[in-house]
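*Asks:* Here's a sequence, model it:
(chains A and B)
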2 protein chains.
Amino acid sequence: MSGRSYVHGYTAREAERLSDQAETLAGLLHGDTRYPAGSRVLEAGCGTGAQTVILARNCPEARITSVDISEASLGEAKMRVQDAGIENVTFETGDIFDLRYEPGSFDHIFLCFVLEHLEEPRRALERLRPLLRERGTITVIEGDHGSAYFHPDSAHARRTIGCLVTLQREMGGNALIGRELYPLATGAGYRDVHVSPRMVYADGSRPDLIRGFTRLTFTAMVEGVGDNAVSRGMMSREDWARGIADLYRAAGPDGVFCYTFFKATGRK
Amino acid sequence: MSGRSYVHGYTAREAERLSDQAETLAGLLHGDTRYPAGSRVLEAGCGTGAQTVILARNCPEARITSVDISEASLGEAKMRVQDAGIENVTFETGDIFDLRYEPGSFDHIFLCFVLEHLEEPRRALERLRPLLRERGTITVIEGDHGSAYFHPDSAHARRTIGCLVTLQREMGGNALIGRELYPLATGAGYRDVHVSPRMVYADGSRPDLIRGFTRLTFTAMVEGVGDNAVSRGMMSREDWARGIADLYRAAGPDGVFCYTFFKATGRK
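*Replies:* You can find the predicted model right below:
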């Protein structure tokens, strides 16, 4: 954000991918986030609203304010929330680093897949902290592409993932941020920080997860940067194709795919 | 095994490491394995008995037969079990691929950190299967060194781990076997195979785990192959030292370390 471009595109396929991802992971990532009736919740960086819908459904009586810096994303998020018949979300345009709310305006702050795109994730957490009331909570969810491994193993597939990590780094982001949530949140001044890894493990006994996560979420995300990676000479088109084919092979009946998300909670 | 040498040495420090590892991981890996009174359990490949002690304590009324191909390891295992006052374990010398028990002799078979050392892990599981009674269960626990990642990230540290993986592969083993347990067990003919990943996540809030796992288990294990890796020119001594220092840095108060074990169960 902050004027930089975003590694995930806004194509129709990309929107579908983000939606598939949200559904598949809803229970794993969000199941234990239930904000009580009347609580004031800030969703910082709502993007196209994929997580907003889940959050609002899980906390139907909380008062959610979802902000994003991108008007285009907000437009989509509004439609998505409207389509879902959700009425407890207010959308506002805003920069996470410069939100104009009074100190202590929120009981809870929620960020999901946001810090990975920021050059200064710790500063973002520091800037959000005053917006919490005393003892208010923050919840941060991030992935970590370095947590991806699979069977059959494949150097080509690992390289395609490496391209995504590199491209995201060049845009100022960090695709390996999940593992850093504990030092980030404690360093930003939060107390009682607790990080809980949420591992997705997909083998032949879990075809829904293979489809929903290995294929439609992770591999589709890697595929999304293929033209960029190849045109920039990071991999030859042939090697890229082989890497993607190997990722799909790990989504076959004898394949296994592992990926871990990290969920941190802390208090002001 | 099978006449090949073993990647983990038998020095005093190594024995201490294996004991520390067993204590730290006992709950995570073994907590849900409780064989009932009178059940006949085969522990295939007991090594020096680090897991035997935990298994026998958790299943005090099961009748456990622990076999290993190494007389030296069995001697140590016997002493360990005797020191712990455990009386429900019988030790026998035997080759996993050629055990002389009657078909159906056991209700349950248990293997922990064994398949990683075998050239033919699937054949081992196939050879063990007839020893189970109908509907008898098998439990297999393995690590996966490709599941290790940490903060701060370090290419040198990753290379030291890569050396361990390579050395184990050259000895006929597979340090990345954890992720393969589902296809291995189903391929060997077991039914109702269920694999459950057991992730170790150690951050600054968990100093006991940092000490017991990141330092005394994982980093100590990598350090154990240092002379071998350096003398074979896999890494310079300087690079090796830097990699190990970086692993210890991931065990510092701001560091994070992640590793995943895999536990598979199945039925005959």
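*Asks:* Can you show me the helices along chain A?
*Replies:* Taking DSSP state H to define them, one finds helices in chain A at A:12-25, A:50-58, A:71-83, A:121-128, A:155-170, A:181-187, A:207-209, A:220-223, A:226-231, A:237-249.
*Asks:* Let's have those in CSV, adding distance to residue A:199 and mean neighbour count.
*Replies:* The way it works is simple: take the backbone N, C-alpha and C, and place the C-beta from them, glycine included. Conversion of those to CSV gives the following (distance: least, CB to CB, whole Å; neighbours: other CB atoms under 10 Å in any protein chain shown):
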stretch, distance to residue A:199, mean neighbour count
helix A:12-25, 11, 17
helix A:50-58, 19, 22
helix A:71-83, 28, 16
helix A:121-128, 22, 20
helix A:155-170, 17, 18
helix A:181-187, 15, 23
helix A:207-209, 11, 14
helix A:220-223, 17, 20
helix A:226-231, 26, 15
helix A:237-249, 18, 17
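*Asks:* Any chance of JSON lines for those helices, columns distance to residue B:222?
*Replies:* Output for the helices of chain A, formatted as JSON lines (distance: least, CB to CB, whole Å):
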{"stretch": "helix A:12-25", "distance to residue B:222": "33"}
{"stretch": "helix A:50-58", "distance to residue B:222": "38"}
{"stretch": "helix A:71-83", "distance to residue B:222": "44"}
{"stretch": "helix A:121-128", "distance to residue B:222": "29"}
{"stretch": "helix A:155-170", "distance to residue B:222": "20"}
{"stretch": "helix A:181-187", "distance to residue B:222": "22"}
{"stretch": "helix A:207-209", "distance to residue B:222": "32"}
{"stretch": "helix A:220-223", "distance to residue B:222": "29"}
{"stretch": "helix A:226-231", "distance to residue B:222": "32"}
{"stretch": "helix A:237-249", "distance to residue B:222": "27"}
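*Asks:* Out of these, which gets nearest to chain B?
*Replies:* The closest of the helices of chain A to chain B is helix A:181-187. By CB to the nearest CB, the value is 3.9 Å.
*Asks:* if you look at that closest one, does any of it touch chain B?
*Replies:* Yes - under the criterion of CB under 8 Å from any CB of the partner chain, chain B is reached by helix A:181-187 at A:182, A:183, A:186, A:187.
*Asks:* Return the alpha-carbon coordinates of that helix using PDB.
*Replies:* Only the C-alpha atoms of helix A:181-187 are listed here, as PDB (Å, rounded to 0.1, in the frame of the first residue of the first chain):
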ATOM      1  CA  LEU A 181       4.300 -11.900  14.300                       C
ATOM      2  CA  TYR A 182       5.400 -12.400  17.900                       C
ATOM      3  CA  PRO A 183       8.500 -10.100  17.800                       C
ATOM      4  CA  LEU A 184       6.500  -7.600  15.600                       C
ATOM      5  CA  ALA A 185       3.600  -7.300  18.100                       C
ATOM      6  CA  THR A 186       5.700  -7.300  21.200                       C
ATOM      7  CA  GLY A 187       8.100  -4.800  19.600                       C
END
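*Asks:* Run through the neighbouring helices and strands of it.
*Replies:* helix A:121-128, strand A:132-142, strand A:191-202, strand A:256-267 (3 or more CB pairs under 8 Å, 6 or more residues apart in numbering or on different chains; DSSP states H and E).
*Asks:* for these, which one sits closest to residue B:214?
*Replies:* Across these, residue B:214 has its closest neighbour in strand A:191-202 (14.7 Å, CB to CB).
*Asks:* what about that closest one, near chain B?
*Replies:* Yes - under the criterion of CB under 8 Å from any CB, chain B is reached by strand A:191-202 at A:193, A:194, A:195, A:196, A:197, A:199, A:201.
*Asks:* Check what contacts that strand and list those residues.
*Replies:* For strand A:191-202, the external contacting residues (CB atoms under 8 Å, 6 or more residues apart in numbering or on different chains) are A:25, A:28-29, A:147, A:178, A:181-182, A:185-186, A:209-210, A:213-214, A:251, A:256-268, B:195-197, B:199, B:201, B:203, B:205, B:258, B:260.
*Asks:* Flag every residue of the stretch 1-150 of chain A that's near chain B.
*Replies:* Proximity of the stretch 1-150 of chain A to chain B, by CB under 8 Å from any CB, involves residues A:144, A:146, A:147, A:149, A:150.
*Asks:* Buried only: go through the residues you listed for me.
*Replies:* Applying 16 or more other CB atoms under 10 Å in any protein chain shown to the residues of the stretch 1-150 of chain A next to chain B, the neighbour count classes A:144, A:146, A:147, A:149, A:150 as buried.
*Asks:* Farthest-apart pair in these, please.
*Replies:* A:144 and A:150 (14.8 Å).
*Asks:* follow-up on the earlier one: can you lay out the helices of chain A as a markdown table showing mean pLDDT?
*Replies:* Output for these, formatted as a markdown table (pLDDT from 0 to 100):
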| stretch | mean pLDDT |
| --- | --- |
| helix A:12-25 | 64 |
| helix A:50-58 | 95 |
| helix A:71-83 | 96 |
| helix A:121-128 | 98 |
| helix A:155-170 | 97 |
| helix A:181-187 | 98 |
| helix A:207-209 | 88 |
| helix A:220-223 | 95 |
| helix A:226-231 | 96 |
| helix A:237-249 | 98 |
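*Asks:* Which among those helices is found nearest to residue A:101?
*Replies:* Evaluated over the helices of chain A, closeness to residue A:101 peaks at helix A:121-128, with 9.9 Å, by CB to CB.
*Asks:* Determine which stretch of the helices and strands packed on helix A:181-187 is the most buried.
*Replies:* Of all the helices and strands packed on helix A:181-187, strand A:256-267 carries the top mean neighbour count, a mean of 23, counting by mean count of other CB atoms under 10 Å in any protein chain shown.
*Asks:* Is that strand in proximity to chain B?
*Replies:* Yes - Strand A:256-267 is in contact with chain B by CB under 8 Å from any CB, via A:256, A:258, A:260.
*Asks:* thinking the first one is in contact with residue A:153, fair?
*Replies:* In other words, residue A:256. No - the criterion here is CB atoms under 8 Å, and residue A:256 misses it with residue A:153 at 10.0 Å.
*Asks:* wait, which of the helices of chain A is closest to residue B:75?
*Replies:* Ranking these by proximity to residue B:75 (CB to CB) places helix A:155-170 first, at 42.1 Å.
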